[in-house]
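Student: Predicted model follows, preceded by the sequence.
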Amino acid sequence: MNGLLGFTDLFFAIVPVFLLMSSGGLARALKWINDAGEQALLKLVVNLLYPAFIFSAVANNESLRMKGLIISAVLTGFLFVMIGYALCYFAAPLFGMKENAERRTFSFTGGIYNYGYFAIPVCTPLFGLETVGVLLVISVGVELAMWSFGILIVSGEFNRRSLKRMITPPLVAILIAIPVNLLGVTEIIPGFVESTLDLLGRSAIPIGLIMIGATMWQLMTKEPLFTRPSIALGACLMRLGVLPLVLITAYAFIPSPLPLREAALVHAAMPCGVLPVVLTRVYGGRTNIALRTVVSTCLVSLITIPLWIKFGISWYGW
């Protein structure tokens, strides 16, 4: 990685992410995407396109064959989210969220970052597809933390239904792709199958970002965003300030392979994820807290993502 890469280069590397999201919001506002279309496209992305992308990025990834890398990657995602939960929960009263339900919602939404549709298009041009594969394995740890302790935090209860929700097509794709990679059997996969998966996977991120934009627009029309600004301030300080510093500092001192450091740096710079807003509604959290947390960090991250990546590159000496 070129350590001389400047803020402007990094800024314009992530601008397409926000433009795609904005196009999704515009399409939703103009009613080119309706409720039924949004649900159908989201199912298409989650159940077909994203798993195809994951398999293509992981199944023939030499970086993931490094000794202990897979376990380290999963632990990185899991522990980073767990630390985020704890810090956001205890920080919530500083930003006016003193009720337990508000603190739990802030903890859940602040602790989960956008580990997929934001992170992948940022990581790909900067570090390449092999690092993207490592990034996807880190996401397994994030998923485990979200569907176990995350649901417990936001709902106050944990049951068998939460465990069942962990078994998603993207997770299944990773669980298949990792042994295929480690066993080195990709050569037995017919070329036309690989080509098909590659074509499907290439469309996953653009369509996924468009749908995130559409979903955020729809949510923003249902809740006032500009009351209680302390929530947005707290979310930005924690998710885009304190938590990136924690992970970047940890990897400055923990010996680890370069692809894992690169992927961890991208994860650290991400804003809050969008899915926790939906899960907050499903599991009885405070949607108004979740929405303010997610929208504010997504908007501000246009500036903070390149700043953190530039900082990490400089500190690590790449």
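Tutor: Alright, I've got the coordinates.

Student: Around Asn47, how many other residues sit close by?
Tutor: For Asn47, the neighbour count with other C-beta atoms under 10 Å is 12. Glycine gets a C-beta too; all of them are placed from N, C-alpha and C.

Student: So it is in contact with Val172, correct?
Tutor: No. The pair Asn47 / Val172 is not scored as a contact, 10.1 Å apart, by C-beta atoms under 8 Å.

Student: Asn181: what's it in contact with?
Tutor: Remark: with contacts taken as C-beta atoms under 8 Å, 6 or more residues apart in numbering, Asn181 is in contact with Val58, Ala59, Asn60, Asn61, Leu64, Arg65.

Student: Show the subsequent helix or strand relative to whichever strand or helix holds Thr280.
Tutor: Following DSSP states H and E, one finds Thr280 within helix 275-282. Scanning the chain past helix 275-282 towards its C-terminal end, the next helix or strand to appear is helix 287-316 (assignment: DSSP H and E).

Student: Quick check, central residue of the chain?
Tutor: Ranked by distance to the mean C-alpha position of the chain (C-alpha atoms, centre = their mean), the top residue is Tyr115 at 1.6 Å.

Student: show me what contacts it?
Tutor: Residues in contact with Tyr115 (C-beta under 8 Å, 6+ apart) are Gly77, Leu135, Ile138, Ser139, Val142, His267, Met270, Gly273.

Student: Among these, name the ones in strands.
Tutor: Judged by DSSP state E, strands contain none of those.

Student: out of the residues you listed, who has the most neighbours?
Tutor: Note: the member of those with the most neighbours is Leu135, at 29 neighbours, neighbours being other C-beta under 10 Å.

Student: tell me the contacts of the nearest residue to that one once chain neighbours are set aside?
Tutor: Setting aside the residues directly before and after it, Leu135 is nearest to Ala263 in space (C-beta to C-beta, 6 or more residues apart in numbering), at 4.0 Å. Shown in contact with Ala263 (C-beta under 8 Å, 6+ apart): Ala73, Cys123, Phe127, Thr131, Val132, Val134, Leu135, Ile138.

Student: Need the three-state assignment for the fifth one.
Tutor: Under DSSP: H, G, I helix; E, B strand; the rest coil, the three-state class of Val132 is helix.

Student: so how far is Tyr89 from it?
Tutor: Relative to Tyr89, Val132 is positioned 31 Å away (criterion: C-beta to C-beta, to the nearest Å).

Student: And the first one, by the same measure?
Tutor: The spacing between Ala73 and Tyr89, counted by C-beta to C-beta, is 25 Å.

Student: Compare neighbour counts for those two and give me the winner.
Tutor: A count of neighbours by other C-beta under 10 Å puts Ala73 above the other of Ala73 and Tyr89, at 28 against 20.

Student: Just want the phi and psi numbers for the more buried one.
Tutor: Dihedral pair for Ala73: phi -70, psi -50, per degrees, to the nearest 10.

Student: who touches the closest residue to it other than its chain neighbours in this structure?
Tutor: Using C-beta to C-beta, 6+ apart and skipping residues adjacent in sequence, the residue nearest Ala73 is Val137, 4.2 Å away. With contacts defined as C-beta under 8 Å, 6+ apart, Val137 is in contact with Val58, Leu64, Leu69, Ile70, Ala73, Val74, Ile174, Ile178.

Student: who's in contact with stretch 51-59?
Tutor: By C-beta under 8 Å, 6+ apart, the surrounding residues in contact with stretch 51-59 are 64, 120, 129, 132-133, 136-137, 169-170, 172-174, 176-178, 180-181, 186, 189, 194, 196-198, 200-202, 204-205.

Student: Are any of those residues buried, and if so which?
Tutor: Neighbour counting over the contacts of stretch 51-59 (16 or more other C-beta atoms under 10 Å) leaves 64, 120, 132-133, 136-137, 169-170, 173-174, 177-178, 180-181, 197, 200-201, 204-205 as the buried ones.

Student: Please report how far Arg202 lies from Ala57.
Tutor: From Arg202 over to Ala57 the distance is 11 Å, taken as C-beta to C-beta.

Student: By mean pLDDT, which helix or strand of this structure comes out lowest?
Tutor: Least confident helix or strand, the chain: helix 160-165 with a mean of 64, by mean pLDDT, DSSP states H and E.

Student: Mind pulling the model confidence for the spatially most distant residue from the centre of the chain?
Tutor: Among the C-alpha atoms of the chain, the one farthest from their average position, using C-alpha atoms, centre = their mean, is that of Ile188, at 32.0 Å. Predicted confidence (pLDDT) at Ile188: the value is 83.
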